[in-house]
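> dropping the sequence and predicted coords here.
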Amino acid sequence: MSFSRRDLLKGIAVTGAVAATPGCSSLATEVTKKPKKTAAKPNLLIIFPDEMRTQALGFMNQDPSLTPNINKFAKQGVVLPQAVSNFPLCTPFRGMLMTGQYPYRNGIQGNSHTGMTGNFGGKDFGIELKKQSQTWSDVMKSHGYSMGYIGKWHLDAPEAPYIPSYNNPMEGRYWNDWTAPDKRHGFDFWYSYGTYDKHLTPMYWTNDTPRDKPLRINQWSPEHEADIAIKYLRNEGGSYRDNDKPFTLVVSMNPPHSPYDQIPQKYLDRFSGKSSESLNTRPNVQWDKKYPEGYGPKYFKEYMAMVNGVDEQFGRIIDELDRLQLAEETLVVFFSDHGSCMGSNGKPTKNTHYEEAMRIPMIFRWPGTLKPNQDNLLFSAPDIYPTIFGLMGMEEYIPDTVEGINFANTVKGKAGDKRPTSQLYTFVPYGAQSYGRRGVRTDRYTLVIDRRIGKPLSYTLHDNIEDPYQMANIADGNESVIEKLIEHELMPWLEYTGDPWRPAEVPASVLKGFT
């Protein structure tokens with residue numbers, strides 16, 4: 001991966017070190033610019049489920065999933081099948097989405113939760129979306145958009161007194177809370193929650209809901225959220241948004257996230273006569289491994305049912321947008337925060353470098369503006385923010401703090417974008433920024449280096465062309481490949497993102513024997 005001097009200055013500008021450099025405008029300046037008087041501004045609709053892997057998209061012909069609505073949508077849009085979540089975990093992805101920055105820079109280096117006595121949580125390390133962070137939603141709000149958010153937020157650490165709910169506590173941590181109005185980053189229609197996984201009986205806070213009295217709903221959460229989204233689009237009586245303004249609506253569905261028993265029977269019935277074993281035929285699935293209670297490949301049938309249910313509710317929203325004749329006025333973006341391994345290579349869910357966890361759906365649709373296409377661009381989570389702005393004619397309002405790249409030309413099918421040669425992978429242990437895993441994913445290789453306190457570095461290298469299921473670690477014997485990937489790909493990423501993690505200068509001979 002090569003970066004220009006301007007790219008590196010953008011990274012440095014995040015810390016304010018070059019705030020006075022000509023051409024490096026401060027964020028405050030960017031968000032207060034007056035928009036140019038042009039044609040009517042387009043609307044924006046973002047729909048993203050949680051833990052839906054790229055392989056679960058029916059048109060990818062990998063998982064035996066049922067996604068007719070997403071398949072239809074993909075034929076109408078631009079598909080980026082090599083898109084990834086660089087830190088495949090809920091809060092880090094959402095932080096990259098909202099800020100356009102990589103996890104080291106935005107400080108969101110793990111899940112946002114609060115630890116109980118004797119146990120730490122993300123809150124102990126300041127892991128949450130800061131009120132002072134300028135997000136894409138803040139910028140759009142400042143430019144006259146009505147802003148709506150429906151569903152899972154998971155960017156705030158809960159505070160005492162904790163709200164009684166399913167996820168409070170869980171695994172020694174508190175997960176769920178409301179988001180105070182001054183932390184909603186421009187969203188003026190709010191129908192959301194922090195983290196709550198009882199999908200059949202969800203809970204929400206609205207604009208007018210007191211913190212101690214959330215709404216309790218007896219309806220599968222994606223279906224309920226689709227109902228609310230449809231009402232927002234219809235906006236009968238102007239009760240959901242200002243009809244005189246363009247709108248932005250985010251629908252953040254929790255399924256197909258666990259627990260896997262939280263699924264209406266009708267979706268399971270569509271896989272009647274089939275078992276998880278007959279459906280999950282990836283050769284890298286480890287069936288005999290002991291997985292945490294409630295996780296693992298034996299729930300793959302339920303996962304497929306959830307994917308089908310999300311597809312159905314996604315289709316309802318898109319059909320309503322089209323029925324209202326808003327399609328040509330609205331950029332629709334569909335993606336997920338990360339995938340889920342479901343037993344592939346012995347991993348239960350996410351937070352790993354394997355393809356099933358890293359690769360995410362990424363589809364842009366805008367009839368009359370975007371020509372349907374597929375492109376194997378190495379697209380990453382922080383690129384979503386600037387690319388959306390580029391597509392919507394708002395590229396001049398992309399702050400210099402944004403580290404992601406505006407790939408609007410590529411999505412439009414035009415030349416001009418400098419295509420990256422790799423994507424960054426990262427995992428940061430809580431409170432240990434100089435340790436953990438860093439790596440890169442190229443069009444052929446995935447390299448991951450793990451640094452642990454008091455232990456030698458360990459190396460994982462996969463040839464994703466020869467070994468698409470990443471079943472073999474070929475680090476031993478491929479020291480020259482590793483060295484080239486470190487020098488030409490990983491080190492430039494670390495410099496660009498300001499990450500203090502370093503692989504150290506290790507002679508090739510030392511690499512032998514590490515796994």
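Structure's in. What do you need?
> ok, residues contacting stretch 126-135?
27-28, 30-31, 91, 94-95, 98-99, 106-112, 122, 155-157, 182-183, 185-186, 399, 401, 430 (C-beta atoms under 8 Å, 6 or more residues apart in numbering). The C-beta positions use only the backbone N, C-alpha and C, and glycine is treated the same way.
> repeat that for stretch 261-271.
By C-beta under 8 Å, 6+ apart, stretch 261-271 touches 66, 197-200, 220, 223, 255, 279, 301-302, 304-306, 308-309, 312.
> tell me which of those fall in helices.
223, 279, 301-302, 304-306, 308-309, 312 (DSSP state H).
> give me phi/psi at the residue lying closest to residue 374 once chain neighbours are set aside?
Of all residues not flanking residue 374 in the chain, residue 79 sits nearest, at 4.6 Å (C-beta to C-beta, 6 or more residues apart in numbering). Dihedral angles of residue 79 (phi, psi; degrees, to the nearest 10) stand at phi -110, psi 130.
> ok, how many other residues are close to residue 79?
24 (other C-beta atoms under 10 Å).
> ok, it to residue 73 distance?
Note on residue 79: its distance to residue 73, by C-beta to C-beta, to the nearest Å, is 9 Å.
> mind listing what residue 72 touches?
residue 315.
> identify the residues contacting the residue nearest the centre of the chain.
Nearest to the mean C-alpha position of the chain, by C-alpha atoms, centre = their mean, lies residue 337 at 2.7 Å. Residue 337 sits next to 48, 50-51, 85, 88, 90, 93-94, 97, 360 when contact means C-beta under 8 Å, 6+ apart.
> just the ones of those residues in strands?
Per DSSP state E, strands hold the following members of the contacts of residue 337: residue 48.
> among the contacts of residue 337, which one has the most neighbours?
Busiest of the contacts of residue 337 [other C-beta under 10 Å] is residue 88, holding 31 neighbours.
> from what I can see it touches residue 339, true?
Yes. Counting by C-beta atoms under 8 Å, residue 339 is a contact partner of residue 88 at 6.8 Å.
> overlap in contacts of those two?
350, 357-358.
> which one of the residues you listed sits closest to residue 177?
Nearest to residue 177 out of those is residue 350 (C-beta to C-beta; 22.1 Å).
> what do residue 79 and residue 73 both touch?
residue 363.
> give me the low-pLDDT residue ranges for this protein?
For the chain, the stretches with pLDDT under 70 are 1-39, 505-515.
> again, only using 50
5-6, 8-9, 12-38, 507, 509-515 (pLDDT under 50).
> domain parsing for it?
With domains defined by automatic domain parsing, the chain comprises 5-33+41-411, 423-511.
> most packed of these?
domain 5-33+41-411 (a mean of 20; mean count of other C-beta atoms under 10 Å).
> which one among the ones in helices among the contacts of stretch 261-271 gets closest to residue 466?
Closest to residue 466, out of all of the ones in helices among the contacts of stretch 261-271 and judged by C-beta to C-beta, is residue 279, at 26.2 Å.
> how about the contacts made by the closest one?
63-64, 271, 300-301, 304.
> now tabulate the residues you listed in JSON lines and tack on distance to residue 259.
Shown next, in JSON lines, are those (distance: C-beta to C-beta, whole Å):
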{"residue": "63", "distance to residue 259": "20"}
{"residue": "64", "distance to residue 259": "22"}
{"residue": "271", "distance to residue 259": "18"}
{"residue": "300", "distance to residue 259": "14"}
{"residue": "301", "distance to residue 259": "14"}
{"residue": "304", "distance to residue 259": "15"}
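> closest to residue 241 among those residues?
Looking across the contacts of residue 279 and measuring by C-beta to C-beta, the closest to residue 241 is residue 304, at 35.1 Å.
> touching, the closest one and residue 67? I think so.
No. Assessed by C-beta under 8 Å, residue 304 is found out of contact with residue 67, at 9.8 Å.
> where do the strands of the stretch 251-400 of the chain begin and end?
330-335, 362-365, 373-374 (DSSP state E, counting those that start in this stretch).
> in TSV, list these along with distance to residue 467.
Shown next, in TSV, are the strands of the stretch 251-400 of the chain (distance: least, C-beta to C-beta, whole Å):
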stretch	distance to residue 467
strand 330-335	26
strand 362-365	24
strand 373-374	23
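> would you put the C-alpha positions of stretch 186-202 in CSV?
What follows is stretch 186-202 as a C-alpha-only set of coordinates in CSV (Å, rounded to 0.1, in the frame of the first residue of the first chain):
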residue,chain,number,x,y,z
GLY,A,186,-27.3,14.8,14.6
PHE,A,187,-30.0,12.2,14.4
ASP,A,188,-33.2,14.0,15.2
PHE,A,189,-35.5,10.9,14.8
TRP,A,190,-34.3,8.3,17.3
TYR,A,191,-35.7,4.8,17.7
SER,A,192,-32.8,2.9,19.1
TYR,A,193,-31.1,0.9,21.9
GLY,A,194,-27.5,0.2,22.9
THR,A,195,-27.1,-3.6,22.8
TYR,A,196,-30.0,-5.9,23.4
ASP,A,197,-30.1,-9.4,21.9
LYS,A,198,-33.6,-10.7,22.7
HIS,A,199,-34.7,-10.3,19.1
LEU,A,200,-38.2,-11.6,19.5
THR,A,201,-39.0,-9.1,22.3
PRO,A,202,-36.8,-6.0,21.6
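> any idea how far it is from the chain center?
Taking C-alpha atoms, centre = their mean, to the nearest Å, the mean C-alpha location of stretch 186-202 is offset from the chain mean by 17 Å.
> equivalent analysis for stretch 50-60, please.
13 Å.
> how long is that stretch from one end to the other?
18 Å (C-alpha to C-alpha, to the nearest Å).
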